[in-house]
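Q: give me a model of this one.
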Amino acid sequence: MNQASDMKISANEFAAIMGGQWAPAPPDDWRFRGLCYSRARYRPGQVILGRADGFPYGLDISDLQGDMGRTGVILTRQSKWPPDAQMPVLRIDSIRPAIRRLAKHLRPRLETPIVAITGSVGKTSSCHLARHLLGRDGRVSTNGQDNYADGVFCETANLGIVDYLVIEACVQSLGEASEMLKPHVAVLTHISPAHMALHKDLADLAEKKAQLFTHMAPGGTAVINRDIPYFDRVLAIARERAGNVWTFGVHAESDLQLSGYDIARRTVRARIFGKEVEYELGMPGRHMAINSLGVLAACHALGVDWLPLLAHCATARPVVGRGGTVSWKVAGMRVSIIDDTWNANPASMEASFVSLANATPDYGGRRIAVLADMLELGDNSAAYHRQLVKPLLQAGVDKVYLAGDSMAHLWAELPGGLQGKWTREAADLLWPLVKDLRDGDVILLKGSHGTRLHRLVADLRSLTLAPRLGLSVSRAFSTCARRVEPHVPFPFKRWASWQLEKLIQRRTRSEETLASANDI
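A: Residues are numbered from 1 along each chain as shown. Next up is the predicted model:
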């Protein structure tokens with residue numbers, strides 16, 4: 001196991017790096033033990049990054065619980081939060097340059113192995129799997145979906161408190177951020193049309209993604225999907241700087257080759273460095289079966305033997321909003337929800353259709369696709385949306401609900417029997433969908449995050465209480481909540497969400513207890 005380094009940065013040294021002043025100051029034995037910029041990934045002892053205008057990450061006072069903040073809070077000089085702080089507070093002029101100074105100070109002083117992952121599809125789930133597998137060997141930290149440059153720099157501040165750092169990098173962060181990172185292993189999962197408004201064409205996107213390989217640590221390993229378009233161009237860029245290049249995919253020349261995938265059993269068959277293996281993967285989808293090979297290669301490149309890791313692939317679970325399935329009783333109907341609402345492009349859409357095709361409805365239910373716009377596809381956006389009709393039909397979908405101006409192009413291509421409803425806003429699909437639900441329906445929700453389709457999942461979850469409240473009351477309450485929500489203070493929203501979650505959990509436990517009693 002790699003041992004995390006002791007940074008031994010005192011309070012005064014930390015203030016000097018950040019360009020700030022403590023008021024009140026921490027105790028004399030204070031040492032920097034990492035940075036918390038997201039409540040979900042807090043570790044005891046970390047300094048809290050306070051929320052500030054113009055910076056996308058950080059916590060506000062409603063996020064603090066228990067001992068959070070006791071080690072210290074970083075705030076701008078303009079911030080009035082918290083006005084009567086009892087914890088140490090470091091006041092700085094501006095967060096962005098301070099965080100960059102901190103990351104650039106730490107990176108050359110610490111030898112923590114870094115895995116950087118990019119790609120058009122699958123980078124978040126691959127990071128999640130890498131964290132899961134490397135976690136068997138030591139402490140792992142990751143920036144998750146905070147993959148822009150600010151998120152990369154924030155996570156780099158945690159180098160010294162973990163044994164491995166797994167970084168997700170979007171194409172916009174492959175300049176300054178990747179140059180600072182100098183990863184020991186760099187993984188490219190896939191190249192497909194995504195954010196095409198920012199690129200000339202797919203070849204341009206491939207070359208930009210390959211920038212991840214241009215700033216590697218000496219002797220580092222590049223891990224590349226052998227099936228991507230413009231593979232030869234990407235390979236040439238990787239070979240210029242990487243000490244080793246390994247490939248994965250379906251291609252016969254892949255170092256780690258997928259030879260089969262059983263969707264129902266989630267069983268992967270592969271040839272890994274010449275050895276034939278079979279293992280179970282808890283994260284669904286053939287695309288994740290392929291990506292798991294890239295993750296195993298990355299772990300092996302860090303000196304972690306890949307063979308014992310195969311058993312642990314079975315216990316990996318999908319990231320929320322990335323294709324996981326839940327079973328709910330919505331408005332009295334027992335349905336399965338495939339939540340894939342974090343992002344969307346043509347390749348990930350088709351992958352989600354395959355997942356829907358292989359889901360088996362119960363009680364004579366149907367396969368329903370609820371889709372929202374794929375954003376930032378550039379001039380060919382209309383064509384990309386129209387082309388979804390063929391994979392939808394191949395998936396055996398029974399009904400389609402669409403939201404967004406771009407999805408109007410797909411709506412025009414759909415056979416009349418498949419058309420459920422088209423609306424401009426995703427929220428407006430809720431009640432047409434709920435009215436149409438039947439017992440046993442399997443519902444896929446897929447769209448770019450900016451369409452707010454993920455809110456529709458939350459609305460469906462809240463309707464697990466509908467039999468108690470009545471649909472008419474639920475609809476009136478939902479409409480009112482939508483109008484009031486933008487004006488509600490954030491701490492109250494958090495409290496209300498927590499109370500709703502408790503109600504839903506209580507109802508679920510009651511129904512499970514009743515079902516168990518009826519089975520006796």
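
Q: quick check: which element contains Lys329?
A: Following DSSP states H and E, one finds Lys329 within strand 324-330.

Q: format the CA atom coordinates belonging to whichever strand or helix holds Ala16 as CSV.
A: Assigned by DSSP H and E, Ala16 falls within helix 11-18. What follows is helix 11-18, C-alpha atoms only, in CSV (Å, rounded to 0.1, in the frame of the first residue of the first chain):
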residue,chain,number,x,y,z
ALA,A,11,-1.0,27.5,10.2
ASN,A,12,1.4,30.4,9.4
GLU,A,13,2.8,28.6,6.4
PHE,A,14,-0.7,27.8,5.2
ALA,A,15,-1.8,31.4,5.5
ALA,A,16,1.3,32.5,3.6
ILE,A,17,0.6,30.1,0.7
MET,A,18,-3.0,31.2,0.5
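
Q: gap between Leu414 and Ala403?
A: From Leu414 over to Ala403 the distance is 14 Å, taken as Cβ to Cβ, to the nearest Å. Bear in mind the C-beta positions are built from the backbone N, C-alpha and C, glycine included.

Q: residues contacting Val187?
A: Val115, Ala116, Ile117, Thr118, Gly119, Ser126, Val223, Ile224, Gly294, Val295, Ala297, Ala298 (Cβ atoms under 8 Å, 6 or more residues apart in numbering).

Q: what are the pairing partners of the helix or strand encompassing it, and which direction each?
A: Using DSSP H and E, Val187 maps to strand 185-188. Applying DSSP bridges, strand 185-188 is found paired with strand 114-118 (parallel), strand 221-225 (parallel).

Q: which one of the ones you listed lies closest to Thr341?
A: strand 114-118 (21.1 Å; Cβ to Cβ).

Q: could I get the average pLDDT for that closest one?
A: Averaged across strand 114-118, pLDDT comes to 94.

Q: same thing with stretch 414-430?
A: Rounded mean pLDDT across stretch 414-430 is 93.

Q: repeat for stretch 134-151
A: Mean predicted lDDT for stretch 134-151 stands at 88.

Q: which helices and strands does whichever helix or strand comes after the strand holding Val187 pack with?
A: Scanning forward in sequence from strand 185-188 by DSSP H and E, the next helix or strand is helix 202-209. Judged by 3 or more Cβ pairs under 8 Å, 6 or more residues apart in numbering; DSSP states H and E, helix 202-209 is in contact with helix 231-241.

Q: relative to the whole chain's centre, how far out is the helix it packs on?
A: Chain-centre distance of helix 231-241: 27 Å, with Cα atoms, centre = their mean, to the nearest Å.

Q: same thing with stretch 110-122?
A: Per Cα atoms, centre = their mean, the centroid offset for stretch 110-122 relative to its chain is 14 Å.

Q: with stretch 205-222 instead?
A: 22 Å.

Q: stretch 304-323 too?
A: 15 Å.

Q: quick one, what contacts Ser141?
A: Ser141 neighbours (Cβ under 8 Å, 6+ apart): Arg41, Arg43, Arg131, Glu155, Asn158, Ile161, Val162, Tyr164, Leu165, Val166.

Q: ok, Cys154 to Pro24 distance?
A: Cys154 is 24 Å from Pro24, by Cβ to Cβ.

Q: between these two, which one's more packed in?
A: Cys154 (26 against 10; other Cβ atoms under 10 Å).

Q: sorry, back to before: so for Leu414 and Ala403, which sits in the more crowded spot?
A: Shown here are Leu414 and Ala403; by other Cβ under 10 Å, Ala403 has more neighbours (25 against 19).

Q: against Ile337, how distant is that one?
A: According to Cβ to Cβ, Ala403 and Ile337 sit 16 Å apart.

Q: now tabulate the contacts of Ser141 in a markdown table and tack on pLDDT.
A: Converted to a markdown table, these look like this (pLDDT from 0 to 100):
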| residue | pLDDT |
| --- | --- |
| Arg41 | 85 |
| Arg43 | 88 |
| Arg131 | 95 |
| Glu155 | 93 |
| Asn158 | 90 |
| Ile161 | 86 |
| Val162 | 90 |
| Tyr164 | 95 |
| Leu165 | 95 |
| Val166 | 95 |
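
Q: of these, buried ones?
A: Buried subset of these (neighbour count, 16 or more other Cβ atoms under 10 Å): Arg131, Glu155, Asn158, Ile161, Val162, Tyr164, Leu165, Val166.

Q: now this protein, which segments are flagged as low pLDDT?
A: By pLDDT under 70, the weakly predicted segments of the chain are 1-7, 82-85, 173, 193-200, 321, 465-520.

Q: from what I see, Arg91 and Gly72 are in contact.
A: No - using Cβ atoms under 8 Å, Arg91 is not in contact with Gly72; the gap is 11.1 Å.

Q: what's the overlap in contacts for the two?
A: Trp22.

Q: the two - which one has more neighbours?
A: Gly72 (24 against 17).

Q: need the contact list for that one.
A: Gly72 touches Trp22, Pro26, Trp30, Val47, Ile48, Met87, Pro88, Val89, Leu90, counting by Cβ under 8 Å, 6+ apart.

Q: also His190?
A: His190 touches Gly119, Ser120, Val121, Gly122, Asn225, Ile228, His287, Asn291, Ala347, counting by Cβ under 8 Å, 6+ apart.

Q: again, only this time at 10 Å
A: 118-123, 126, 209, 225, 227-229, 249, 287, 290-291, 294, 345, 347-348, 351 (Cβ atoms under 10 Å, 6 or more residues apart in numbering).

Q: are any of those buried, and which?
A: By 16+ other Cβ under 10 Å, the contacts of His190 give 118-123, 126, 209, 225, 227-228, 249, 287, 290-291, 294, 345, 347-348, 351 as buried.

Q: just the ones of those residues in helices?
A: Judged by DSSP state H, helices contain the following of those: Lys123, Ser126, Lys209, His287, Ile290, Asn291, Gly294, Ala347, Ser348, Ala351.

Q: tell me the two of those residues that are most distant?
A: Lys209 and Ala351 (18.3 Å).

Q: residues contacting Ile114?
A: Ile114 neighbours (Cβ under 10 Å, 6+ apart): 107, 155-156, 159, 164-167, 181-186, 216-217, 220, 302.

Q: mind giving me the PyMOL select for the residues you listed, buried ones only?
A: A single PyMOL command selects the buried members of the contacts of Ile114 (16+ other Cβ under 10 Å):
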select buried, resi 107+155+156+159+164+165+166+167+181+182+183+184+185+186+216+217+220+302
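
Q: check which helix or strand covers Leu75.
A: Leu75 belongs to strand 73-76, assigned by DSSP H and E.

Q: what are the pairing partners of that strand, and which direction each?
A: By DSSP bridges, strand 73-76 pairs with strand 47-49 (parallel), strand 89-92 (parallel).

Q: nearest to Gly332, out of the ones you listed?
A: strand 47-49 (43.8 Å).

Q: what's the spacing between the closest residue to Lys182 other than its chain neighbours and Gly58?
A: Closest residue to Lys182 apart from its sequence neighbours, by Cβ to Cβ, 6 or more residues apart in numbering: Ala217 at 4.7 Å. For Ala217, the distance to Gly58 equals 29 Å [Cβ to Cβ].

Q: also Arg109?
A: Taking Cβ to Cβ, one finds Arg109 at 25 Å from Gly58.

Q: which of those two has more neighbours?
A: Neighbours per residue (other Cβ under 10 Å) separate Arg109 from Gly58, with Gly58 holding more: 21 against 12.

Q: hmm, back to that, just name the most buried of the strands paired with strand 73-76.
A: strand 47-49 (a mean of 24; mean count of other Cβ atoms under 10 Å).

Q: what's that strand in contact with?
A: With Cβ under 10 Å, 6+ apart, strand 47-49 has contacts from 14, 18, 26, 30, 32-39, 42, 55, 57-61, 63-64, 68-75, 87-90, 95, 98-99, 154, 157.

Q: next step: those residues restricted to strands.
A: Counting by DSSP state E, those place Leu35, Cys36, Val73, Ile74, Leu75, Val89, Leu90 in strands.

Q: pretty sure Gly66 is touching Pro44, no?
A: Yes - Gly66 lies in contact with Pro44 (Cβ atoms under 10 Å); the separation is 8.9 Å.

Q: thanks a lot, catch you later.
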